[in-house]
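A.B. asks: Can you look at this prediction? I've put the sequence above it.
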Amino acid sequence: MALSEEEIRERDRSRAIRGYIIRCLIRSCNNMALTKHLSNSLFMQGYIMSPDIKKYLDYLVNGGYIEFTDKKVKAYTIYADDAVVRLTNKGINLAEGAIEDPGVEM
């Protein structure tokens, strides 16, 4: 089944946002950042209209590219609080082009 133009735009936008998050982390101190800072940066660049970046972070976590540093934060509140995410070794490999993911535009 072919994707509609709207679905293609949403797919491409999601890929770009996930790539932007990886690039932000690769440039940050110790490859880590607060989720609020990532959200604010995406908002300021016009990528998102809502501060909720859960679905983008979920994709990157599930892919093994990032991880939350505070293991005690509950899944329900992890995005509302100032949780810290950091790149994993796999995320660094993605950022450096050693591996590819069609869901992340680098």
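C.D. replies: Now that the structure is in, tell me what you want to look at.

A.B. asks: Now the helix ranked longest in the chain: buried residues?
C.D. replies: Identified as the longest helix of the chain according to DSSP state H is helix 5-27. Within helix 5-27, the residues that count as buried by 16 or more other Cβ atoms under 10 Å are Ser14, Arg15, Ile17, Arg18, Gly19, Tyr20, Ile21, Ile22, Cys24, Leu25. Bear in mind the C-beta positions are built from the backbone N, C-alpha and C, glycine included.

A.B. asks: so what strands line up beside the next helix or strand after that helix?
C.D. replies: Toward the C-terminus, helix 5-27 is succeeded by strand 32-34 as the next helix or strand (DSSP states H and E). Strand 32-34 pairs in its sheet with strand 84-87 (antiparallel), by DSSP bridges.

A.B. asks: can you list contacts of whatever helix or strand comes next after the strand it pairs with?
C.D. replies: Sequence order places helix 89-95 as the next helix or strand after strand 84-87, per DSSP H and E. By Cβ atoms under 8 Å, 6 or more residues apart in numbering, the residues outside helix 89-95 that reach it are 22-23, 25-26, 31, 60, 63-66, 87, 99-101, 104, 106.

A.B. asks: Thank you kindly, that will do.
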